[in-house]
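Engineer: Here's my sequence, what's the structure:
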Amino acid sequence: MLRLTSILTLMVVSGTAVQSEPAPGQPSSSPASPDDLQDLPPPPSTSPTSGTGGGTVAAPIEPVLVEACDGSRLRPTQAPQLLACGRWSVAWREGGTPWGLVTAATYEGVLAERERQIGFARQYARFFEVPLDERYTDPSPPICHTCSTEAPAGRWGEGQKFSDAAARQALETARAELTALDTALVEHLPRLTDAARLAHDAATGKAARAYAKELRQAVLRVAKGQLALDNAAVLRSEQTAKEAAKAARAQVESLAAKLAALRTAVSKEVAKAHGGRYFEEGAAGSDRPYLEIEIDGSEVKATYFTGGAHSTWFEGTVELDGSLAGRSLLAPEQGTLSCQQHAESCGYVYIPSVLRFTERPTPEGKTSATAELWFQRSTWVMAKPFSR
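Structural biologist: Numbers count the residues shown, from 1 in each chain. Model (predicted):
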């Protein structure tokens, strides 16, 4: 086997305190008092924030509502951050009817989640040249909930008719499934711009549009799921909770499948353009060393061959932007190797790396496709290039 360090020629590249709030679903320890509420909208309020030049800038505070256990709502006179709320929510409405819910433990959190969802809707409308989804045009004001949906412990015995034992168990499962979907969205949503770009390519357009539509459906599913779980908790509905869990789980699976299909479409085009054999620049003869780049699905492997020996230099995946990112097994920057074999057991370590491709002019006045393998050490460094 080869010592990788004897193969690579590396080139360095230049280069105001607020009151804490109780956890969601728990009774408020100090609900808003009647003196803190009023039934008429207050004048626009502001809160001081740091500004430039040592002064302060008045930032508007969005009007909020405080909802009691009987569903009545009043406007508080206190700042939102000073209210004792079990949780916060914003309802998405269509024709005045709630179809989805945004929830968070804090006022700032619910505003951020609301903006994440409406922000996606705006981008989707812009990138795919469609009207903004009307379901996002009528959100409710942020609502501070002072009433817990949890029933008092010990109210029902095990198996008692109309108790909430089955519903609570189903709700716990459903909340976990909805959290998994929300976590998946954190990973998937940044890919919307890639999907929009790929939608204009004939080879990837169908898969890209399908993935983008699935992203849209997943954002809707999170909001619908939150409303379903909210209702299931109040109504003690095991069936509603189970249906919400099933829908969230299916959405996660569908997102993964649509992404895999898009990756496959992108990888086929990348394989056509960049797969194959690249010979080491500066080497001569029919048996000169070369780099073999294989792309199987979205998996990429680059193997270095010289004489009768070979070693894997790169393994990674094709990203939606067409880049090839992964890792390479290299000698450490400090320390010594314990043996000659190109393996972790001898002291080699995996570090982030990328394969990139450029077109270089040839002495004959043509261009040559060149593969460059870059490694991320303390700075990015490149191995000697390979051309075909």
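Engineer: Now residue 226: closest residue in space, sequence neighbours ignored.
Structural biologist: The shortest distance from residue 226 to any non-neighbouring residue, by CB to CB, 6 or more residues apart in numbering, is to residue 101 (4.0 Å). Backbone N, C-alpha and C define where each C-beta goes, glycine included.
Engineer: what does the helix or strand harbouring residue 368 rub up against?
Structural biologist: Using DSSP states H and E, residue 368 falls within strand 367-376. The contact list for strand 367-376, computed with CB atoms under 8 Å, 6 or more residues apart in numbering, reads 10, 13, 274, 278, 281, 291, 293, 302, 313-314, 328, 330, 351-362, 380-383, 385-388.
Engineer: Please enumerate the strands of the stretch 151-300 of the chain.
Structural biologist: Per DSSP state E, counting those that start in this stretch, the stretch 151-300 of the chain carries strands over the ranges 276-280, 290-296, 299-306.
Engineer: which strands and helices sit next to the helix or strand that the longest one is followed by?
Structural biologist: Per DSSP H and E, the first helix or strand lying C-terminal to strand 299-306 is strand 309-318. Packed against strand 309-318, as judged by 3 or more CB pairs under 8 Å, 6 or more residues apart in numbering; DSSP states H and E, are the following elements: helix 4-7, helix 238-274, strand 299-306, strand 324-330, strand 349-361.
Engineer: how about a cut-off of 10 Å?
Structural biologist: helix 4-7, helix 238-274, strand 290-296, strand 299-306, strand 324-330, strand 349-361, strand 367-376 (3 or more CB pairs under 10 Å, 6 or more residues apart in numbering; DSSP states H and E).
Engineer: Distance to residue 120, mean neighbour count and mean pLDDT added to these, as TSV?
Structural biologist: As requested, those are exported to TSV (distance: least, CB to CB, whole Å; neighbours: other CB atoms under 10 Å; pLDDT from 0 to 100):
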stretch	distance to residue 120	mean neighbour count	mean pLDDT
helix 4-7	44	14	37
helix 238-274	13	19	97
strand 290-296	31	18	95
strand 299-306	30	18	95
strand 324-330	25	20	94
strand 349-361	29	15	92
strand 367-376	31	17	91
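Engineer: before we move on, back to that, may I have the strands that pair with the strand holding residue 368, each with its orientation?
Structural biologist: strand 349-361 (antiparallel), strand 380-382 (antiparallel), strand 386-387 (antiparallel) (DSSP bridges).
Engineer: Could you export the first one as PDB, CA atoms only?
Structural biologist: As requested, the backbone C-alpha atoms of strand 349-361 are provided in PDB (Å, rounded to 0.1, in the frame of the first residue of the first chain):
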ATOM      1  CA  VAL A 349      -7.100  10.700  10.200                       C
ATOM      2  CA  TYR A 350     -10.200  11.700   8.200                       C
ATOM      3  CA  ILE A 351     -10.600  15.400   7.500                       C
ATOM      4  CA  PRO A 352     -13.200  17.300   5.400                       C
ATOM      5  CA  SER A 353     -12.500  17.600   1.700                       C
ATOM      6  CA  VAL A 354     -14.100  18.500  -1.600                       C
ATOM      7  CA  LEU A 355     -13.600  17.500  -5.200                       C
ATOM      8  CA  ARG A 356     -13.900  20.400  -7.700                       C
ATOM      9  CA  PHE A 357     -13.500  20.600 -11.400                       C
ATOM     10  CA  THR A 358     -12.100  23.300 -13.700                       C
ATOM     11  CA  GLU A 359     -11.400  23.800 -17.400                       C
ATOM     12  CA  ARG A 360      -7.700  24.600 -18.100                       C
ATOM     13  CA  PRO A 361      -6.200  25.600 -21.400                       C
END
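Engineer: How far off centre is that strand?
Structural biologist: 26 Å (CA atoms, centre = their mean, to the nearest Å).
Engineer: same thing with the last one?
Structural biologist: Strand 386-387 has its C-alpha centroid displaced from the chain centroid by 36 Å (CA atoms, centre = their mean).
Engineer: I appreciate the help and will end here.
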